[in-house]
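Participant: give me a 3D structure for the following:
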Amino acid sequence: MSNTASKLFDMGILDRLGLGRSKHDLLTSAQSLGVTSPYSPRIDIPAAIITDLFSDDAAAKLPLSREIAISVPAVSKARNLLVSTIAKFPLRALDTKGLIQNQPPFLYRTNSAVTPYERMAWTVDDMVFYGVSLWLAKRGAKDSSGRGAILDAEWCPRHLWSIVGGQVIVDGEPMPEDAVILFNSPFEGLLQVGQRTVTGAVDQEAAWVGRAKNPVPLIDLHRIDDQLTDEEVTEFVAAWAKARTSENGAIGSTPPSIEIKTYGEVKADLMTEGRNAIRTDVGSFLNVRASMLDGTSGIDSLTYTTKDGEKNSFYEFDLPFWTDPIEARLSMDDIVTSGQRVRFDKYEAYNLPTPTGPIQED
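Facilitator: Residues are numbered from 1 along each chain as shown. Model (predicted):
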């Protein structure tokens, strides 16, 4: 950490942004964090190029990209579940009497082609993968508090901004403090803390795909006649491996000088237990129970659970981990008037169905 950053911590400037020392170091690091926006050009290095440029050990130590993480089915499932659940909740401003009559317009609309749903969806996406997200605020005329009311708020793609010397830099330009809204989750981001698990999931997927192409774990093309040259052996093995992955790869022919020996056993599960464990691990990182990710919860067989019970537990214990930081940030005095707070309207999620039984007299 630089001397300037240390002084800013001592002065409390970075604390006002809600940044600890570890998260500040992460945000100001020079590593490429990838692109999260579907509307921006990709700058991630393709995995094939990384394989060519680096050895396996060196490539494993490179920062994990969102492109690789989102390709893991368990990560996509958890991310999509959180995004689709949270983004559909409308934002509401309240005071001590309940809903305020004149709602801040930026809570329910935008001045761009990006809908409030998309804005919140990519905000949650940022928090899942990076632990932070940023909105750009457009304010009206200043009032007695020295700030203008927020007229519009726009999500800023993660690769466009950073924090340098305690100031938010967007596309190379320093931003005023009242022009940005920084969401800081209590989580460093999956790309930072889950690299080993995600990398293992990628290897696990590659392993079962390879097993599906070649169900027999190990094939030894045993040489009976040792007159073949090394080049001939290499060429024959490559041809045999290519033929095994074809549509009719179960049938083959070998010359008299080669005998086929197989080792291991064929299992139909295709590493089901390991792939299910990946779902549990990813869910543990993202605070989502395994049952919501179509995985096995691993609880005792005598414990009785229902789908409704799991759903209620998800809304009560899992979801607030992600919604509370957003609500808390939008409830601060630089966003809404002092004495007001912002909450997600989850009424529909908890609303019971209307009884449809016959009407009876008392």
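Participant: quick one: the strands in the stretch 151-300 of the chain, in order.
Facilitator: 161-164, 167-170, 173-174, 180-184, 218-223, 258-263 (DSSP state E, counting those that start in this stretch).
Participant: where are the low-confidence patches of the stretch 1-150 of the chain?
Facilitator: Along the stretch 1-150 of the chain, segments meeting pLDDT under 70 span 1-61.
Participant: make it 90
Facilitator: 1-64, 142-147 (pLDDT under 90).
Participant: please enumerate the strands of it.
Facilitator: According to DSSP E, counting those that start in this stretch, the strands that the stretch 1-150 of the chain contains are 91-95, 98-99, 132-142, 148-156.
Participant: what residues sit buried inside the last one?
Facilitator: Buried positions in strand 148-156, judged by neighbour count with 16 or more other C-beta atoms under 10 Å: 149-150, 152-156. C-beta coordinates here come from the backbone N, C-alpha and C atoms, glycine included.
Participant: which pLDDT value goes with Gln204?
Facilitator: At Gln204, the pLDDT value in this model is 86.
Participant: quick one: contacts for it?
Facilitator: Residues near Gln204 by C-beta atoms under 8 Å, 6 or more residues apart in numbering: 271, 274-275, 278.
Participant: equivalent analysis for Val198, please.
Facilitator: 64, 68-69, 72, 75, 190-191, 282.
Participant: related to what we said a few turns ago, most tightly packed of the strands of the stretch 151-300 of the chain?
Facilitator: strand 180-184 (a mean of 20; mean count of other C-beta atoms under 10 Å).
Participant: just the C-alpha atoms of that strand, please, in PDB.
Facilitator: Provided in PDB are the C-alpha atoms of strand 180-184 (Å, rounded to 0.1, in the frame of the first residue of the first chain):
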ATOM      1  CA  VAL A 180     -20.900   8.300  -7.600                       C
ATOM      2  CA  ILE A 181     -22.700   5.700  -5.500                       C
ATOM      3  CA  LEU A 182     -20.400   2.900  -4.300                       C
ATOM      4  CA  PHE A 183     -21.900  -0.400  -3.200                       C
ATOM      5  CA  ASN A 184     -19.600  -2.300  -1.000                       C
END
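Participant: other residues contacting it?
Facilitator: Taking C-beta under 8 Å, 6+ apart as the rule, strand 180-184 contacts 17-19, 23, 123, 126-127, 131-137, 153, 156, 168, 170, 325-326, 329-330, 335.
Participant: what about 7 Å?
Facilitator: 17-19, 123, 127, 132-137, 153, 168, 325-326, 329, 335 (C-beta atoms under 7 Å, 6 or more residues apart in numbering).
Participant: again with stretch 106-118
Facilitator: With C-beta under 7 Å, 6+ apart, stretch 106-118 has contacts from 87-88, 90-91, 93, 119, 150-155, 342.
Participant: what's the answer for stretch 84-100, then?
Facilitator: 103-104, 107-108, 117, 120-121, 124, 319, 322-323, 330, 336, 339-346.
Participant: can I have the buried ones of those residues as a ChimeraX selection?
Facilitator: Buried residues within the contacts of stretch 84-100, by 16+ other C-beta under 10 Å, are selected in ChimeraX with:
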select :103,104,107,120,121,124,319,322,323,330,336,340,341,342,343,344,346
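Participant: first to last residue in stretch 291-308, what's the distance?
Facilitator: End-to-end distance for stretch 291-308, by C-alpha to C-alpha, to the nearest Å: 11 Å.
Participant: need the mean per-residue confidence for that stretch.
Facilitator: 65.
Participant: buried by neighbour count: which residues of stretch 87-96 qualify?
Facilitator: By neighbour count on 16+ other C-beta under 10 Å, the buried set for stretch 87-96 is 87, 89-94.
Participant: could you dump the residues you listed to a markdown table with distance to Val288?
Facilitator: Formatted as a markdown table, those follow (distance: C-beta to C-beta, whole Å):
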| residue | distance to Val288 |
| --- | --- |
| Ala87 | 16 |
| Phe89 | 17 |
| Pro90 | 22 |
| Leu91 | 22 |
| Arg92 | 25 |
| Ala93 | 28 |
| Leu94 | 28 |
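Participant: nearest to Trp161, of the residues you listed?
Facilitator: Ala87 (20.9 Å; C-beta to C-beta).
Participant: quick one, what contacts Ser313?
Facilitator: By C-beta under 7 Å, 6+ apart, the neighbours of Ser313 are Arg289.
Participant: distance of it from Ser162?
Facilitator: The gap separating Ser313 from Ser162 is 37 Å, by C-beta to C-beta, to the nearest Å.
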